[in-house]
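In: coords please:
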Amino acid sequence: MTEITIHRVRAGEGDLLGQLFHRSVHEGTVGAYDAAQRAAWSPEPPSGPDWEARLTGAVTLVAWAGKLPAGFMTLDPVTGYLDLAFVAPEWQGQGVAAMLYGLLERCARRHGVAQLSTDASELARPFFLKQGWQDGPRQQVERHGVTLHNYPMAKPLKPALERAA
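Out: Residues are numbered from 1 along each chain as shown. You can find the predicted model right below:
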């Protein structure tokens, strides 16, 4: 098995992550969302300066399998909002999301974030529940005239323990 390495997103990696996002939506969520919903969610791979700024403006961790990204997650270290959490279809179920999430939660604790929040897809919801998150009622969202659903979720955090000097 290929070794996974994780680092913060670097300038110029946005297009590769946009392709991973698009593939994850179109191939990885087949059982949870129909073709019209997947097309509305990601009509094309996100790319360009705005997408790159979205990634570099957050704490974005990328899991790498050799020279290809296996997954990524983003966190706003001020608000605690976990915006993006995507794993390449061929890496789903192999612990990539857990590795990324563990590091992001530690980062949030170091930043003094009191609570994490997200709007989880049908596919991501069981993962977050396993990590101790609580979910709210299913909500409807509209993308490009198509209704999709997700779940508002939250996890209160206790501050990281200070190390003795």
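
In: Regarding the protein, what is its longest strand?
Out: In the chain, with assignment by DSSP state E, the single longest strand is strand 146-156.

In: other SSEs contacting that one?
Out: helix 35-41, strand 115-120, helix 124-130, strand 134-135, strand 139-143 (3 or more CB pairs under 8 Å, 6 or more residues apart in numbering; DSSP states H and E). The C-beta positions use only the backbone N, C-alpha and C, and glycine is treated the same way.

In: Run the chain-centre distance for the shortest one.
Out: Relative to the chain's own centre, strand 134-135 is displaced by 16 Å; criterion: CA atoms, centre = their mean, to the nearest Å.

In: So what are the sheet partners of that strand and their directions?
Out: Strand 134-135 pairs in its sheet with strand 146-156 (antiparallel), by DSSP bridges.

In: buried stuff in the partner strand?
Out: 148, 150-151, 153, 155 (16 or more other CB atoms under 10 Å).

In: what's the answer for stretch 132-144, then?
Out: For stretch 132-144, the neighbour count (16+ other CB under 10 Å) marks 133, 135 as buried.

In: what do you get for stretch 39-51?
Out: The neighbour-count check on stretch 39-51 (16+ other CB under 10 Å) flags 39-42, 45-47, 51 as buried.

In: re the thing from before, format the helices and strands packed on strand 146-156 as a markdown table; extra columns: mean pLDDT and distance to residue 15.
Out: Converted to a markdown table, the helices and strands packed on strand 146-156 look like this (pLDDT from 0 to 100; distance: least, CB to CB, whole Å):
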| stretch | mean pLDDT | distance to residue 15 |
| --- | --- | --- |
| helix 35-41 | 95 | 18 |
| strand 115-120 | 97 | 24 |
| helix 124-130 | 96 | 23 |
| strand 134-135 | 94 | 32 |
| strand 139-143 | 93 | 21 |
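
In: Which among those is found nearest to residue 59?
Out: Closest to residue 59 of those is strand 115-120 (CB to CB; 12.0 Å).

In: Counting by contacts, list what that closest one packs against.
Out: Other helices and strands packing on strand 115-120, by 3+ CB pairs under 8 Å, 6+ apart, are strand 82-87, helix 124-130, strand 146-156.

In: go with 6 Å
Out: Contacts defined by 3 or more CB pairs under 6 Å, 6 or more residues apart in numbering; DSSP states H and E place strand 115-120 against strand 146-156.
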